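fold the following for me, if possible:
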Amino acid sequence: MIQKAVVKKILSGNYAEIEVQRQSACGHDCSHCGGCGAPQERIQAVAKNAVDAKVGDIVTIEGENKEIMRMAAIVYTLPLILFFVFFVIASLCGLGEGASGGLGCLGLVVGIAIAVGYNKKVKKNGGTPFTIIKKG
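Numbers count the residues shown, from 1 in each chain. Predicted structure coming up:
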């Protein structure tokens, strides 16, 4: 995945903090759908600064699809899967719907905690999936 970003801060170890406009599935081609209801969100990320970009530079970044998909799977699907796993286990143990739902919510919280922990691990280890490949 290749995107444009703005360098916001230079970090140690040949890394840079970048700001990227989050892409949506529609591609923001409003003439085809009659208007854009998708928010124009900007996200902060860390990227390997392979081209010695400076603060304020507009750069082209490349994302490692495998790592991005792994992160997305952990963040979006793991909490949902754990909700259902906890719910089903509680139901099989003979608990009522309310208690099963409560334990399902506990599974959701556990999944979110795992996702947050994974995110911290990736940040700590410098496992950023983005690389600045060129200026401009």
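
show me where pLDDT drops low in this protein?
22-40, 123, 125-128 (pLDDT under 70).

off-centre distance for the longest helix along it?
As assigned by DSSP state H, the longest helix anywhere in the chain is helix 97-124. Taking the mean of its C-alpha atoms, helix 97-124 sits 16 Å from the chain's own mean (Cα atoms, centre = their mean, to the nearest Å).

for it, name the packing helices and strands.
helix 65-72, helix 78-92 (3 or more Cβ pairs under 8 Å, 6 or more residues apart in numbering; DSSP states H and E). No exception for glycine: its C-beta is placed from N, CA and C like everyone else's.

would you mark the buried spots in it?
Residues of helix 97-124 classed as buried: Ser100, Gly101, Leu103, Gly104, Gly107, Leu108, Val110, Gly111, Ala115, Tyr118, Val122 (neighbour count, 16 or more other Cβ atoms under 10 Å).

what about Ala16, distance to Val55?
8 Å (Cβ to Cβ, to the nearest Å).

these two: which is more packed in?
Set Ala16 next to Val55 and count neighbours by other Cβ atoms under 10 Å: Ala16 wins out with 27 against 11.

go ahead and confirm that one touches Ala50.
No - using Cβ atoms under 8 Å as the test, Ala16 is too far from Ala50 to be in contact (9.8 Å).

could you tell me which residues touch both of the two?
Shared contacts of Ala16 and Ala50 (Cβ atoms under 8 Å, 6 or more residues apart in numbering): Ile132.

kindly reformat the buried residues of helix 97-124 as CSV containing distance to Pro79.
CSV is the format used below for these (distance: Cβ to Cβ, whole Å):
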residue, distance to Pro79
Ser100, 17
Gly101, 15
Leu103, 14
Gly104, 11
Gly107, 8
Leu108, 5
Val110, 8
Gly111, 3
Ala115, 7
Tyr118, 12
Val122, 17
